[in-house]
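Engineer: Structure for the following, please:
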Amino acid sequence: MTIRRADWRVARAEAADAGRALPRDLETVVLADAVGRTVADDVTSLARVPGSDVSAMDGWAVAGEGPWRLGPSIVAGRVADDAEELHPGIARPVTTGAVVPTGTDRVLRSESGHVADDVLTADDDPRRPSHVRRAGEEIDLGDALLAAGTLLTPPRVAVLALGGHDAVSVVVRPSVAVAVLGDEVVAEGVPARGTVRDVFSVPVPRLLEALGTTPATTTRVADDLDATVAALDRPGSRLVVTTGGTAHGPTDHVRAALDRLGAELIIDGLAMRPGQPLVVGRRGGTLYLCLPGNPMAAYVGLVVVGTAVVDGLLGRRPAPPGSVTLAVDVAHPRPGALVQAYRVTPDGAVPTERQSSAMLRGLADADGLLIVPDGGARAGAVVPSLGLPW
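Structural biologist: Okay, the predicted model is just below:
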C-alpha cells in the first residue's frame, strides 16, 4: 500500500520498517574497528567486573577495629594471596584497583589515616565508607551488555572490552548508490545563467557514510527517462538515493522510472514543507529514497526520512523526536507541517534567516530542525524537533 502525503512521523516509521524488512548481512570485527558499527546480536558478558573484590582508593585494607599493625603492600596487577586472610588488627597498604585479601572489612583512604611506628590509626570518620568494589558489582557473568541494533560508541566498545570480548558481530554496512538528476546541475565553477551548482554529489555520500552506509560514488543524470531508469537500476545496492525529478513536471521522471522497474511506492509525498515531493520505493532487496531537487527540501528529507531508512537497514530504531520551545511566533497558513531550521537562544528556538526550499544558508547555521503544525505556533509553544546528523 502506498501512503500518499504521509505525516512526517508516519513516514519515519514506515521508512524504518521498510529498511528493517530487508535482509541484513553480518560480519565479525575486532573491537579496534567496531566504533560506529551496529551490533548484530544481543551481547552478554563473558566476565565479572570487577573480577574480584578490589580497592576503590589508595590506602590500607583493614580488618576489624584499629589501630592496626602494618602488613606487606598490595599493588594493582598483583593478586593478593587469598589463602592469607586479613585478620582483625592488621592493615595492608593497597593501591587503587588492587585485589584486597579475604577478610577485608574496608579500605581506609590514605587521607583518612596516619602511620607511626608501623601502626596505622584512623582519623575520625563517622561515615566509615567501604571503598571496596565488590566482585561483579558493575557486571556479572552473563549480564546483558548491548542489545542488537545498538550503535557502537567508544564507551560501548569499552563496555564490550570490560565484558571480556575481543570482537563483536555487526551488521554489514548497506551498499548505497547516489544519483543527482537534472540538466541544470553543474559540477564546478560559477553557474551560468539557468544552471545551478551541484550541492549533493559530495555532501550526500559523506552524510550517508556517517549514518552507517558504505562509501558511495555519485552519478549525474540528465532529465531523460531512459537515463533515469538506468541510474535507478542498481540491484546490487541496498539503497539508491536520488535528488531531483520527484515533482510532477514534464522533466520529472522518477516515478515513471520506478514504475518501469517494477518498484513499489511506499511513500509518495509528505504532508510537510519543505520536502513534500519525497518518494520512498522498494524493488526486491533495494530501497529507493528519492529526494526533491531543491537543496533545503532534499536535506530536510534526508534528516526526517533518510536517517530512518538507514537506521532500518541497520536494524536500529530511529531516535525519537525531541522538542523545543519557540521564542517567537511562527506563522504557517498552509496545510501540512512546516519544517524550520532553528538556532538555540536564551529565550528558546528561533528560526534561522535565509531558509526556503531553494536555500541552504539557514540550514548551514542551524542547531536542529523544528516542526510546526498546521496553523503555526505562538511564542512559548513546545514543538517537535529533530537533531542534525552532522
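
Engineer: partners of the lowest-mean-pLDDT helix or strand in the chain in the sheet?
Structural biologist: Across the helices and strands of the chain, mean confidence by mean pLDDT, DSSP states H and E is lowest for strand 3-6: a mean of 91. Its sheet considered, strand 3-6 pairs with strand 264-270 (parallel) by DSSP bridges.

Engineer: Give me the contacts around the next helix-or-strand element following the strand it pairs with.
Structural biologist: Per DSSP states H and E, the first helix or strand lying C-terminal to strand 264-270 is strand 272-273. Contacts with strand 272-273, where a contact means Cβ atoms under 8 Å, 6 or more residues apart in numbering, come from 8, 11, 300, 304, 334, 336-339, 357, 371. For every residue, glycine as well, the C-beta is placed using N, CA and C.

Engineer: Beyond the least confident helix or strand of the chain, next helix or strand please.
Structural biologist: helix 8-20.

Engineer: just checking, next helix/strand downstream of that following helix?
Structural biologist: Per DSSP H and E, the helix or strand that comes after helix 8-20 is strand 26-30.

Engineer: just how off-centre is that following strand within its chain?
Structural biologist: 19 Å (Cα atoms, centre = their mean, to the nearest Å).

Engineer: Okay, residue 347 and residue 380: tell me how far apart.
Structural biologist: 10 Å (Cβ to Cβ, to the nearest Å).

Engineer: Quick check: nearest residue in space to residue 27, chain neighbours excluded?
Structural biologist: Computed as Cβ to Cβ, 6 or more residues apart in numbering, the closest residue to residue 27 that is not its neighbour in sequence is residue 172, at 5.3 Å.

Engineer: what's the angle between the lengthiest strand in the chain and helix 8-20?
Structural biologist: Taking DSSP state E as the criterion, the chain has its longest strand at strand 337-345. Put simply, strand 337-345 runs at 100 degrees to helix 8-20, going by axes from the mean of the first three to the mean of the last three Cα atoms, to 10 degrees.

Engineer: Tell me how many other residues surround residue 354.
Structural biologist: 13 (other Cβ atoms under 10 Å).

Engineer: likewise residue 376?
Structural biologist: 15.

Engineer: So residue 260: helix, strand or coil?
Structural biologist: helix (DSSP: H, G, I helix; E, B strand; the rest coil).

Engineer: Could you report the separation of the residue nearest the centre of the chain from residue 175?
Structural biologist: In the chain, the residue lying closest to the centroid (Cα atoms, centre = their mean) is residue 151, at 5.9 Å. When distance is defined by Cβ to Cβ, residue 151 is 19 Å away from residue 175.

Engineer: Show me where the chain dips below the pLDDT cut-off.
Structural biologist: Where the chain drops to pLDDT under 70, the residues are 79-83, 126.

Engineer: Quickly list the domain ranges of it.
Structural biologist: 3-25+173-313, 35-48+138-171, 54-133, 322-386 (automatic domain parsing).

Engineer: how about stretch 235-251: buried residues?
Structural biologist: 237-246, 251 (16 or more other Cβ atoms under 10 Å).

Engineer: In CSV, list the C-alpha atoms belonging to stretch 11-29.
Structural biologist: C-alpha atoms of stretch 11-29 as CSV (Å, rounded to 0.1, in the frame of the first residue of the first chain):
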residue,chain,number,x,y,z
ALA,A,11,6.8,8.5,7.1
ARG,A,12,9.7,8.0,9.5
ALA,A,13,8.1,4.9,10.9
GLU,A,14,7.3,3.4,7.5
ALA,A,15,10.7,4.2,6.1
ALA,A,16,12.4,2.5,9.1
ASP,A,17,10.1,-0.6,8.8
ALA,A,18,10.9,-0.9,5.1
GLY,A,19,14.6,-0.9,5.9
ARG,A,20,14.2,-3.5,8.7
ALA,A,21,12.2,-5.8,6.4
LEU,A,22,15.2,-6.3,4.1
PRO,A,23,17.8,-8.9,4.9
ARG,A,24,21.0,-7.9,6.7
ASP,A,25,24.4,-9.4,6.2
LEU,A,26,26.6,-9.8,9.3
GLU,A,27,30.3,-9.8,10.0
THR,A,28,32.6,-10.0,12.9
VAL,A,29,35.0,-7.2,13.6
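
Engineer: Thanks again, I'm all set now.
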